[in-house]
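Chemist: Turn this into a model:
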Amino acid sequence: MGTEFRAELTSNFKPHVGQFVIWGLLLHEMVLMRVNLPRWEGLRNTPATVFSFLPVEILISPLVFHFFRWLFVVAGILWILQLRLPISSWVCVFAYTITSAMVFENSTQIEHTKNLANIVLFVQAMWYHFHAGDIRTAVARNSLWISRIYPGWTYCLSLFCISIYHSNAALAKVLESGLRWPNGLSLQLWIDLMGREHSLANPLILADRGTAALMQWVVLVVEASAILGVFFTRLRVPIGVALLGLYIGIAESFGYSFLLNAFLVAAFFFPWSGIMDRSGIMDQACDVAKRRFKVSITVARGSRLERILGFVLPRLDVFRMIKLSSQ
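Modeler: All right, here's what the predicted structure looks like:
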């Protein structure tokens, strides 16, 4: 455990995992984020976020919400394009935090996926903060996708946050209800009240309390074991598969989507960076892309198109299959 984890913590990787996580989270939230605040009805009961101390007039203000929503979009685009680093990354995370908090403060329930996405984005912003110079240099040299500029501590901290998020869910269940939580009856009641009508698993769970209790024990064990994946590298893939199975089961039984959580589990519990380093699969993919799909673009020297392509390609051409020349 110790040797592998310490080696991973102090290593540097190519930036594919970190960049794809940033792109995936930002693009998902830009496209699917709420356009307006939920309708605020009745009196607020208990604080929902760390911003609950703000005046109600601010928390329910559509103007404030739209300002930070568009600030998130603009800063997110700048972050994706590696512009104004590291300010753009921090502004993006802050704006996302504010917009998510305002939605929570005006809702009767909280979308758990927002919390985990927010935390992981914060960790990626830390990477950009401490390594902004390395990233700018790699982009300027057109070597972003072949440079080892993704620090192991960023990967390990992201994995730790995802793991503790799940293990804390198991701990909260035990602290609140004790070991009576997986009694089967509670799951049967939830499914009866909120389950999908055409679920394949729900009739089996409703028909037998023992089956329902077994399913709850599985959930409890899988969530509790998540933290082990941080330190025991050989357990990561089995735990990751189990967590993905858990999310599939929730979607099948209740129709609740935890797509962002599943995306983050798949990104950090599976050894993508190690696979790319050991097998050279990304280098091979780049070679194949260059041979089969290589695109040569010739533009006028000093033209606006040359400047635009010279700016975009080093940042977004993951497979380095586009060759730009000027004349």
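Chemist: Please make it C-alpha for all contacts and neighbour counts, starting now.
Modeler: Fine.
Chemist: in the chain, which spans are strands?
Modeler: Along the chain, counting by DSSP state E, strands occupy 12-13, 150-151, 295-299, 322-326.
Chemist: for the second one, what is the average pLDDT?
Modeler: Strand 150-151 carries an average pLDDT of 95.
Chemist: likewise the last one?
Modeler: Rounded to a whole number, the mean pLDDT of strand 322-326 is 67.
Chemist: Check which helices and strands the longest helix along the chain sits against.
Modeler: The longest helix of the chain (DSSP state H) is helix 152-177. Counting contacts by 3 or more Cα pairs under 8 Å, 6 or more residues apart in numbering; DSSP states H and E, helix 152-177 packs against helix 2-9, helix 112-130, helix 209-225, helix 228-231, helix 259-269.
Chemist: got the angle for it vs helix 112-130?
Modeler: If you take axes from the mean of the first three to the mean of the last three Cα atoms, to 10 degrees, helix 152-177 sits at 150 degrees to helix 112-130.
Chemist: Give me the domain ranges for the chain.
Modeler: Per automatic domain parsing, the structural domains of the chain span 2-279, 280-327.
Chemist: Buried deepest among those, which one?
Modeler: Of all those, domain 2-279 has the most neighbours on average by mean count of other Cα atoms under 10 Å, namely a mean of 17.
Chemist: quick one: that domain to chain centroid distance?
Modeler: Computed by Cα atoms, centre = their mean, to the nearest Å, the chain-centroid distance of domain 2-279 equals 5 Å.
Chemist: which of the domains of the chain has the lowest average pLDDT?
Modeler: For the domains of the chain, where the average pLDDT is lowest is domain 280-327, sitting at a mean of 69.
Chemist: Over to V50: give its phi and psi.
Modeler: phi -70, psi -10 (degrees, to the nearest 10).
Chemist: cool, and the one 3 residues further on?
Modeler: Main-chain torsions, F53, degrees, to the nearest 10: phi -70, psi -20.
Chemist: roughly how far apart are it and D317?
Modeler: Using Cα to Cα, to the nearest Å, F53 is found at 45 Å from D317.
Chemist: do the same with W70
Modeler: Counting by Cα to Cα - W70 and D317 are separated by 27 Å.
Chemist: what do you get for I149?
Modeler: I149 is 17 Å from D317, by Cα to Cα.
Chemist: Might you report the residue contacts of K114?
Modeler: Shown in contact with K114 (Cα atoms under 8 Å, 6 or more residues apart in numbering): S100.
Chemist: Repeat the analysis, applying 6 Å as the threshold.
Modeler: By Cα atoms under 6 Å, 6 or more residues apart in numbering, no residues touch K114.
Chemist: what's the answer for the one 5 residues further on, then?
Modeler: Under the criterion of Cα under 6 Å, 6+ apart, the contact list for I119 is empty.
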